[in-house]
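[1] got a predicted structure here, sequence first:
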Amino acid sequence: MKNLWNDATAEALVADYAKKGVDRDLALRVYTTRLLGGEPRLVLHGGGNTSVKSRVTDLVGDSWDVLCVKGSGWDMAVIEPQGLPAVKLGALLKARALDKLSDEDMVALQRANLIDPSSPNPSVETLLHAFLPHKFVDHTHSTAILAIVDQPDSEALSRKVFGPRMGFVPYIKPGFDLAKAAADIFDADPSVEGLILDKHGIFTFGDNARQAYDRMIHYVTVAEDYVARNGKAAAKPIELPKEVAGAADFASALRGAVAFDRGEGAFDRMVSDFRTSPAIVEFLSSPRLTELARTGVSTPDLSIRIKTGPMVLPAPDAAKLDAYPAEIRKHVAGFVAGYTSYFETNDKLDDVRRTMLDPMPRLTLVPGLGMFGHGRTLKDAKIASDVGEMWIEAVRGAEAVGTFQPLTHAELFGLEYWSLEQAKLASNKPKPLTGQVVLITGGAGAIGAATAKLFAANGAHVVVVDLDADKAAEVASKAGNDSIGVGCDITDPAALRTAFDRAVAVYGGLDILVSNAGAAWEGGIGEIDDALLRKSFELNFFAHQNAAQNAVRIFKQQGTGGVLLFNTSKQAVNPGPKFGAYGLPKAATLFLSRQYALEYGAIGVRSNAVNADRIRSGLLTDDMIASRSKARGLSEKDYMSGNLLGLEVTAEHVAQAFLHHALADRTTGDVTTVDGGNIAAVLR
Ligand SMILES: [Zn+2]
């Protein structure tokens, strides 16, 4: 592993932080923490931790020896000084004399001794850092180190590979007991430069930031070299079908299968992140893949991300694709049964009452193809994929030099269902549309953009579809929540299909369609050009129908219901003079909404329409408002609020109606009016 220490960069950072009142110790601690955190082969997403022993002065001028240690919730790659809260060292050191300290008391002790009470919780490995006498202590879950310690004979192998300068600590769950055991092992031979933690990772330490970092890189490189030199060739790969199906062929079926069914038509949905590379595909062709996946995770904190390990599917045969969704469901059921039994078996062992987490897999391996990370958000799904890549790397190394044997499921249970972790999860309240994917046509218009913003704020990932690709991307970026923009002419069925394909490629599927795009053409119905009327039907009817067909195709693959929402118009029920070309297809679309409600209610698809009028938008521009209000002898304000309530109706009000229908889970075949009240357009 390359040593990235650079004197000039380190000194520049020290100088920069000095201006902000951060001392040299802490600045260098930030520097090497970022170096370690930026390498996924060392730490992933919140894993690993570092510390520095220093001295600070509190608000009343008292000076304290402190341990600045990584705070929970901080990612090492982007750490800042406030991510390394200072804890009074004296109190931590006193704790070593205790025989026992519960996790809750340990957290209380650490929090009670923070210099700044608003700091995040110091790492669960704080005491281990405190009990070691060195100024700088670094800890990672290096994949190369895991290849050596996830072995049946890990202690003998570690001593052989790393020599006498590294201590060896048997597996103990992180916390007080591990800290004491590690400190005792260090005291027995204080000449060591670090500690190898069985089935877990590595600590290195030093008098300065560079020494601790150099040692980390050195011992990781020793492990890498050992694996490279002593690795045996991989076993003969499994035979794959003649033609392996693509991810898009079954991604939606998989996404539906891993949605957690809460009954009564409600699902906790996840999004999927597909990832592949030649190295991933090569590993997935191992004849031992299923066995390796069942064996477990390479280091215990991965269980927070991918539970007991990945789910493995058979290679998808392009010639037998029809049978594959059933195969997926069978494997998910198998995973759920295995996870449930793991929970029940281990939960019974003591009298602590725990609630089982949802038993769905978070990582799916597909031989011949790649893997899918699953998560309630795209960010979580991508983290699961990142974890998958590093799991593969550690397992590949372990299998090359021996036999992958990580922590047992029984020991893993203690970590996955650790009270501290469970408390963290309980505070993670999902939003109403968390895990759901919505596609909005006409997404860059006023109503589309307001809807994208509102749905994203309620947890959905949004696919903003618009004729104007740049505007679509801009709306998506403003809506946030990892939403995407897609430029497409929705009256072209092939182009429309690619927009839905993008939803599947990026998120794994779709749950809600807001079929919103429309445009108005004027002309007396007795004289209007046929071509113009047909053009209006293409956009104001057929594009809605084609979009709904695409959505229903995906909904059927997922098997988790779905929502169709159509933007009809006041014209659909209350025609205006010269607006026939607009009103006729809109009336057909209103009926279309009811037809979908009728035909797909049985598979949980709800279909509703929103009937809006007089909204400031691309269909009713400021210029049009000026000329129409003038023609009627009204002020613009009176024209825009010419309804029963006497209030202007905005795009945001229409977005609210779409959101209402996305959440009203017993409403289908309905039309909601958003026009401030127009008695002539009231539906009977
Ligand atoms: Zn650790």
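    Structure's in. What do you need?
[2] any low-confidence regions in the stretch 351-500 of the chain?
    Applying pLDDT under 70 to the stretch 351-500 of the chain flags residues 420-427.
[3] which stretches of it form strands?
    363-366, 370-375, 437-441, 461-466, 484-487 (DSSP state E, counting those that start in this stretch).
[4] highest average neighbour count across these?
    Greatest average neighbour count among the strands of the stretch 351-500 of the chain goes to strand 461-466 (a mean of 31), per mean count of other C-beta atoms under 10 Å. Quick note: C-beta positions are derived from backbone N, CA and C, even for glycine.
[5] angle of that one against strand 437-441?
    Orientation of strand 461-466 against strand 437-441 (axes from the mean of the first three to the mean of the last three C-alpha atoms, to 10 degrees) gives an angle of 10 degrees.
[6] adjacent strands (with direction) for strand 461-466?
    strand 437-441 (parallel), strand 484-487 (parallel) (DSSP bridges).
[7] which sections of the stretch 501-650 of the chain are below the confidence cut-off?
    In the stretch 501-650 of the chain there are no weaker segments when pLDDT under 70 is taken as the threshold.
[8] then the stretch 51-200 of the chain?
    Using pLDDT under 70, nothing in the stretch 51-200 of the chain is flagged.
[9] in CSV: the strands paired with strand 461-466, plus distance to Ala108.
    Listed next are those as CSV, based on distance: least, C-beta to C-beta, whole Å:
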stretch, distance to Ala108
strand 437-441, 42
strand 484-487, 44
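[10] which among these is found nearest to Arg34?
    Among these, the nearest to Arg34 by C-beta to C-beta is strand 484-487 (29.4 Å).
[11] that older thread, nearest to Ile328, of the strands paired with strand 461-466?
    Per C-beta to C-beta, nearest to Ile328 of the strands paired with strand 461-466: strand 437-441, 18.7 Å.
[12] quick revisit: mind putting the strands of the stretch 351-500 of the chain into TSV with distance to Leu663?
    Output for those, formatted as TSV (distance: least, C-beta to C-beta, whole Å):
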stretch	distance to Leu663
strand 363-366	29
strand 370-375	22
strand 437-441	12
strand 461-466	16
strand 484-487	23
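[13] Val573: which of those is closest?
    strand 437-441 (21.6 Å).
[14] which of the strands of the stretch 351-500 of the chain sits closest to Phe541?
    Of all the strands of the stretch 351-500 of the chain, strand 437-441 comes closest under C-beta to C-beta, at 13.0 Å.
[15] now that closest one - C-alpha only, PDB.
    Extracted in PDB, the C-alpha atoms of strand 437-441 (Å, rounded to 0.1, in the frame of the first residue of the first chain):
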ATOM      1  CA  VAL A 437     -38.800   6.200  -6.700                       C
ATOM      2  CA  VAL A 438     -40.900   8.600  -8.600                       C
ATOM      3  CA  LEU A 439     -40.700   9.600 -12.200                       C
ATOM      4  CA  ILE A 440     -42.200  13.000 -13.200                       C
ATOM      5  CA  THR A 441     -42.800  13.900 -16.800                       C
END
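[16] residues touching Asp622, list them.
    Arg616 (C-beta atoms under 8 Å, 6 or more residues apart in numbering).
[17] quick one: it from Thr650, how far?
    Distance from Asp622 to Thr650, counting by C-beta to C-beta, to the nearest Å: 14 Å.
[18] joint contacts of the two?
    Arg616.
[19] how about the helices of the stretch 1-150 of the chain, start to end?
    With DSSP state H, counting those that start in this stretch, the ranges of helices along the stretch 1-150 of the chain come out as 7-19, 24-37, 89-94, 103-112, 126-131, 143-149.
[20] next, count neighbours for Asp184.
    Using other C-beta atoms under 10 Å, Asp184 has 13 neighbouring residues.
[21] Val610: which of the helices of the stretch 1-150 of the chain is closest?
    It is, among those and with distance given as C-beta to C-beta, helix 24-37, at 46.7 Å.
[22] now do the closest one, average pLDDT.
    Per-residue pLDDT over helix 24-37 has a mean of 97.
[23] chain center to it, what's the gap?
    Centroid separation for helix 24-37 versus its chain: 27 Å, with C-alpha atoms, centre = their mean, to the nearest Å.
[24] do stretch 189-207 as well
    With C-alpha atoms, centre = their mean, you get 33 Å for stretch 189-207.
[25] what do you get for stretch 243-260?
    18 Å.
[26] so for it, what gets flagged as buried?
    244-245, 247, 249-260 (16 or more other C-beta atoms under 10 Å).
[27] which among those residues gets closest to Ser277?
    Out of the buried residues of stretch 243-260, the member with the shortest distance to Ser277 (by C-beta to C-beta) is Ala247, at 13.2 Å.
[28] ok, that closest one touching Gly370?
    Yes: between Ala247 and Gly370 there is a contact under C-beta atoms under 8 Å: 6.7 Å.
[29] so what sits against both of these two?
    Phe274, Thr276.
[30] what about the helices in the stretch 151-300 of the chain?
    Under DSSP H, counting those that start in this stretch, the stretch 151-300 of the chain gives helices at 154-162, 176-188, 209-230, 251-257, 278-284, 289-295.
[31] got the buried residues for the third one?
    Of all the residues in helix 209-230, those buried under the rule 16+ other C-beta under 10 Å are 209-220, 222-224, 226-227.
[32] swap in the first one?
    Residues of helix 154-162 classed as buried by neighbour count (16+ other C-beta under 10 Å): Ser154, Leu157, Ser158, Val161, Phe162.
[33] same question for the second one.
    When neighbours are counted by 16+ other C-beta under 10 Å, the buried residues of helix 176-188 are found to be Phe176, Leu178, Ala179, Lys180, Ala181, Ala182, Ala183, Phe186.
[34] contacting residues for the second one?
    Applying C-beta under 8 Å, 6+ apart, we find Leu178 in contact with Glu125, Leu128, Val169, Ile172, Leu197.
[35] pick the one among those residues closest to Val78.
    Among the contacts of Leu178, and counting by C-beta to C-beta, the member closest to Val78 is Glu125, at 19.5 Å.
[36] and the closest one, how far from Ser629?
    In this view, Glu125 and Ser629 are 68 Å apart by C-beta to C-beta.
[37] try Gly47
    For Gly47 relative to Ser629 (C-beta to C-beta), the value is 62 Å.
[38] neighbour-wise, which of those two wins?
    For Gly47 and Ser629, the more surrounded residue by other C-beta under 10 Å is Gly47, and the numbers stand at 22 against 17.
[39] so that one versus Val649, what's the distance?
    Gly47 is 50 Å from Val649, by C-beta to C-beta.
[40] now do Leu415
    From Leu415 to Val649 the distance is 54 Å (C-beta to C-beta).
[41] can I get the buried residues of helix 176-188 in JSON lines with distance to His660?
    Shown next, in JSON lines, are the buried residues of helix 176-188 (distance: C-beta to C-beta, whole Å):
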{"residue": "Phe176", "distance to His660": "51"}
{"residue": "Leu178", "distance to His660": "51"}
{"residue": "Ala179", "distance to His660": "53"}
{"residue": "Lys180", "distance to His660": "57"}
{"residue": "Ala181", "distance to His660": "57"}
{"residue": "Ala182", "distance to His660": "56"}
{"residue": "Ala183", "distance to His660": "59"}
{"residue": "Phe186", "distance to His660": "61"}
